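> Structure of the sequence below:
(chains A and B)
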Amino acid sequence: MSALKIEKGSSKHSAYDLRDPRAQAEERHTLAVLVDNEAGVLARVIGLFSGRGYNIESLTVAEVDHTGKRSRITIVTTGTPSVIEQIKAQLSRMVPVHDVMDLTVEGPAVERELALLKVAGTGDKRVEALRLADIFRANAVDSTLESFVFELTGTPEKIDAFAELMRPLGLIEVARTGVAAIARGSGHAVSQEASVSSSG
Amino acid sequence: MVVQALKDQGVDVVFGYPGGAVLPIYDEIFQEAGIRHILVRHEQGAAHAAEGYARSTGKPGVVLVTSGPGATNTVTGITDALMDSIPLVVLTGQVPTFMIGSDAFQEADTVGITRACTKMNWLVKDTDRLAETIHEAFHVATNGRPGPVLVDIPKDVQFATGTYVAPQTADLGHYQPRVKGDTEMITRLVEAMETAERPVFYTGGGVINSGPRASQLLREFVAETGFPVTSTLMGLGAYPASGENWLGMLGMHGLYEANLAMHGCDLMINVGARFDDRITGRISDFSPHSRKAHIDIDPSSINKVVHTDFPVIGDIAHVLEEALRIWRARGSKTNREALGKWWAQIGEWRAVECLTFRNSDTAIKPQHAVQRLEALTRGHDRYVCTEVGQHQMWAAQFMGFDAPNRWMTSGGLGTMGYGVPASIGVQVAHPDALVINVAGEASWLMNMQEMGTAVQYRLPVKQFILNNERLGMVRQWQELLHGERYSHSWSEALPDFVKLAEAFGCKGIMVKDPKDLDDAIMEMIEYDGPVIFDCLVEKHENCFPMIPSGEPHNKMLLGDATTHDAIGSSGAVLV
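I've put the predicted structure just below:
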């Protein structure tokens, strides 16, 4: 019966359970979200992530269907499996969201990111940078006597690797777009089908 | 055009407060007879009044306020509605489109501020889109899981003329949530119900939101299966408190038998509730031996907090109808022998009589006051609102609701100051009913200005204040968990509530002797007009039972007047 005794002055408990029950391993998922291209929709999606404490590793957005006024948001996020499920459910129920695809679980997908890297240097380092750029199939899109701007497309890992190699060779600035992704094969987003074909 | 759209949506009442940026709409209201406007005293009051109206009628509540401070003052009410899934349509004025972003007088980024607390919101920049957006707003607020929406209308858009679109021809967007549950999953749930040894229905506000049909189906299902049923704070009234299988409310201040049934069950059927932390206690020890079904219209509620074995996404009425049909078609089977033992076990828990308290001849015990209020108002056409705190829990424990939409309380957000305006909204919708706001003096003061609204519109709301001159629930936590250090949890310089009532032009009653309580309550009921009832109660009473946060259901604290010895041997194992 001792459990029923009221312990006065105990500070064992707070008004909330302060232990975090979510001690699972985190996973990385790429989500594609088709939304109405209207004012405030992106803010609503981002607000969901900040408001509920979800992570965003990368986010890209652009209109993909002018006639149907649809934009596609690609979000790379990390979280435990239950958090990832929550993110998808929370996104799906938003009024301006048409479709949510988890490209990480819905079969193989292609992920690409574009980066612009500015490398400054002269002499051997400059030659080495150009040689490595050739190996990575990066294009030099701007050049001065003491600098290059390389354009590189690939997976985030490939861009990471290239940036690491450029660091000792004079890397001074990086701009990255974040990931765009699409499923391999002939399958496609259901709600995009109608609008893309109707727009001809 | 705005007023036409509201009329076409069947709106008869608007709660609002005028200001510069909504004057064109107020001018329309002045010239149109079809819509009743209730002038509140503060915009937060408008939002809570609309919530009370919506909760007690099942129709969306409509709020009309001006830009800037008018809009920001509604934010608490809108957030409250979001947490409790109450359909609200909030119309806000905005500075003219060409002045947006210039920090104009009474400008605020209303859609930005309310984005996180609305189900959806819109800024209308084109008068031709105005009617259609309002129709879409009603569609979104009332379909799927209900919630608040906001339409921000710049003043130039209000002035300009545009094409009106009727609701029948309006484009309502693509929002069309699924209402029918998956038959295969429902069948699996029915199979589990047929063999369950210790089942329990755990019902929530979703049953009430789904409409009277859902409550009716729940009652049939419970009656025919013989399963016990408990409910969250938000779901009270869906199953009648006078019903045979009623266990009482569950949760942090829920009944002993309800919480131990949840802890000890082998099949939990969650109908329109959301495994809130005030319900579950410590998640890892929450109902450890049960399989769990969860019926909810919102897919994001499923598996959010607790893993579910039988998830059914759909409207409660649709799903219950289908489940009942399948269960009957399969022969209406239950495990009767095991159910008998389960009820015997529940009977032992009931014998603890967890709500027992030590009454007094000299001071009014708050539980006693609520008990007497319940006894003397039971037969009336009655609606009860509350504020937030100990009095709210005592009202939930000691008052019985036999029908849905009769109990209005701030559950999810826990908004002190909800009750006064909510009671006004309820009384507007039900002018001849007995509407009572069970309050604490601290909560009550937060929106007491709305008594002016009650007096102006002759709304005979009864403000039943349990006055302990303390922030009772805060004080209780400080006593039990913070070493009795009562940091800022008492009210000094309280007003004389009787004189306050007279100042507002309504009736004030003060009672402090238990002998006078019944007569005073009768006087309150019989008075034809608003009453402020100041019930001076025992100052240090605690609200039990109580599950401290972070503890499982079987670690309840009981008051010292309960009959502990009645716990049988099998019950003691769980304790």
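
> Which parts of chain A are strands?
A:27-36, A:58-65, A:70-79, A:97-102, A:109-120, A:139-144, A:147-154, A:171-176, A:180-183 (DSSP state E).

> need those strands in JSON lines with mean neighbour count, can you?
For every residue, glycine as well, the C-beta is placed using N, CA and C. Putting these into JSON lines (neighbours: other Cβ atoms under 10 Å in any protein chain shown) gives the following:
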{"stretch": "strand A:27-36", "mean neighbour count": "20"}
{"stretch": "strand A:58-65", "mean neighbour count": "16"}
{"stretch": "strand A:70-79", "mean neighbour count": "21"}
{"stretch": "strand A:97-102", "mean neighbour count": "20"}
{"stretch": "strand A:109-120", "mean neighbour count": "18"}
{"stretch": "strand A:139-144", "mean neighbour count": "11"}
{"stretch": "strand A:147-154", "mean neighbour count": "19"}
{"stretch": "strand A:171-176", "mean neighbour count": "14"}
{"stretch": "strand A:180-183", "mean neighbour count": "18"}
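
> Any idea which of those strands gets closest to chain B?
strand A:97-102 (6.5 Å; Cβ to the nearest Cβ).

> wait, does the closest one make contact with chain B?
Yes - using Cβ under 8 Å from any Cβ of the partner chain, strand A:97-102 comes into contact with chain B via A:His98.

> just checking, what packs against that strand?
In terms of contacts (3 or more Cβ pairs under 8 Å, 6 or more residues apart in numbering or on different chains; DSSP states H and E), strand A:97-102 is packed against strand A:27-36, helix A:81-92, helix A:190-198.

> repeat that with 6 Å
With contacts taken as 3 or more Cβ pairs under 6 Å, 6 or more residues apart in numbering or on different chains; DSSP states H and E, strand A:97-102 sits against strand A:27-36, helix A:81-92.

> Among the ones you listed, single out whichever gets nearest to B:Met524.
Set against B:Met524 and scored by Cβ to Cβ, the helices and strands packed on strand A:97-102 come closest in helix A:81-92, at 45.8 Å.

> which parts of that closest one are buried?
Residues of helix A:81-92 classed as buried: A:83-91 (neighbour count, 16 or more other Cβ atoms under 10 Å in any protein chain shown).

> Mind picking the one among these that's closest to chain B?
Using Cβ to the nearest Cβ as the measure, the one of these that approaches chain B most closely is A:Ala89, at 3.7 Å.

> and the closest residue to that closest one other than its chain neighbours, how many neighbours does it have?
Closest residue in space to A:Ala89, ignoring its immediate chain neighbours: B:Ser300 at 3.7 Å, by Cβ to Cβ, 6 or more residues apart in numbering or on different chains. Look at B:Ser300: counted by other Cβ atoms under 10 Å in any protein chain shown, it has 20 neighbours.

> which residue is nearest the middle of chain B?
B:Thr409 (3.7 Å; Cα atoms, centre = their mean).

> can you tell me which residues contact B:Pro60?
B:54, B:87, B:89, B:141-142 (Cβ atoms under 6 Å, 6 or more residues apart in numbering or on different chains).

> Let me know the pLDDT of the closest residue to it other than its chain neighbours.
Leaving aside its sequence neighbours, B:Pro60 sits nearest to B:Pro87 (Cβ to Cβ, 6+ apart; 4.0 Å). In this model, B:Pro87 is scored at 98, pLDDT.

> Do a quick rundown of the helices in the stretch 1-150 of chain B.
Listed in chain order, the helices of the stretch 1-150 of chain B (DSSP state H, counting those that start in this stretch) span B:2-8, B:23-31, B:43-57, B:69-72, B:75-83, B:110-114, B:130-142.

> Dump these to CSV, plus mean pLDDT.
Shown next, in CSV, are the helices of the stretch 1-150 of chain B (pLDDT from 0 to 100):
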stretch, mean pLDDT
helix B:2-8, 95
helix B:23-31, 95
helix B:43-57, 98
helix B:69-72, 98
helix B:75-83, 98
helix B:110-114, 97
helix B:130-142, 97
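
> Could you chop chain A up by domain?
As given by automatic domain parsing, the domain ranges for chain A are A:27-106, A:110-180.

> and the longest one, what's its mean pLDDT?
Per-residue confidence for domain A:27-106 averages out to 94 on the pLDDT scale.

> and the residue of the stretch 51-200 of chain B nearest chain A?
For the stretch 51-200 of chain B, Cβ to the nearest Cβ, closest residue to chain A: B:Met120, 4.2 Å.

> Now for that residue: which residues touch it?
A:95, B:140, B:149.

> beta partners for the nearest residue to the first one once chain neighbours are set aside?
Of all residues beyond its chain neighbours, the one nearest A:Val95 is B:Met120 (4.2 Å), with distances taken as Cβ to Cβ, 6+ apart. Per DSSP bridges, the residues bridged to B:Met120 are B:Val149.

> For the contacts of B:Met120, which entry has the maximal number of neighbours?
Counting by other Cβ under 10 Å, top hit in those: B:Val149 with 30 neighbours.

> In contact with residue 76, which residues?
Picked chain A for this. So A:Val76 contacts A:30, A:57-58, A:179 (Cβ under 6 Å, 6+ apart).

> right idea, wrong chain: chain B
Taking Cβ under 6 Å, 6+ apart, one finds B:Gln44 in contact with B:Thr76.

> Look up how far B:Glu43 lies from it.
From B:Thr76 across to B:Glu43, the span is 10 Å (Cβ to Cβ, to the nearest Å).

> do B:Thr92 as well
In terms of Cβ to Cβ, B:Thr92 sits 9 Å off from B:Glu43.

> Also B:Pro96?
Between B:Pro96 and B:Glu43 the computed distance is 21 Å (Cβ to Cβ).

> more neighbours, those two?
B:Glu43 (27 against 16).

> from memory that one sits against B:Thr74, does it?
Yes - between B:Glu43 and B:Thr74 there is a contact at 4.9 Å, judged by Cβ atoms under 6 Å.

> Overlap in contacts, the two.
Between them, B:Glu43 and B:Thr74 share the contacting residues B:Val65, judged by Cβ under 6 Å, 6+ apart.

> wait, isn't A:Thr30 in contact with A:Ala181?
Yes - with contact defined as Cβ under 6 Å, A:Thr30 counts as touching A:Ala181 (4.9 Å).

> what residues do these two have in common as contacts?
With Cβ under 6 Å, 6+ apart, A:Thr30 and A:Ala181 have common neighbours A:Leu103.

> burial measure for B:Gln427, as a count.
B:Gln427 has 28 nearby residues by other Cβ under 10 Å.

> Over to the one 3 residues further on?
A total of 18 residues lie near B:His430 under the criterion other Cβ under 10 Å.

> Roughly how far does it sit from B:Gln371?
24 Å.

> Likewise for B:Arg36?
37 Å.

> Just give the closest residue to B:Phe504, not the sequence neighbours.
Closest to B:Phe504 by Cβ to Cβ, 6+ apart is B:Met451, at 4.5 Å.

> List the buried residues for the host helix or strand of the one you found?
According to DSSP states H and E, B:Met451 maps onto helix B:451-456. Buried positions in helix B:451-456, judged by neighbour count with 16+ other Cβ under 10 Å: B:451-455.

> following that helix, which helix or strand comes up?
Sequence-wise, the next helix or strand downstream of helix B:451-456 (DSSP H and E) is strand B:462-467.
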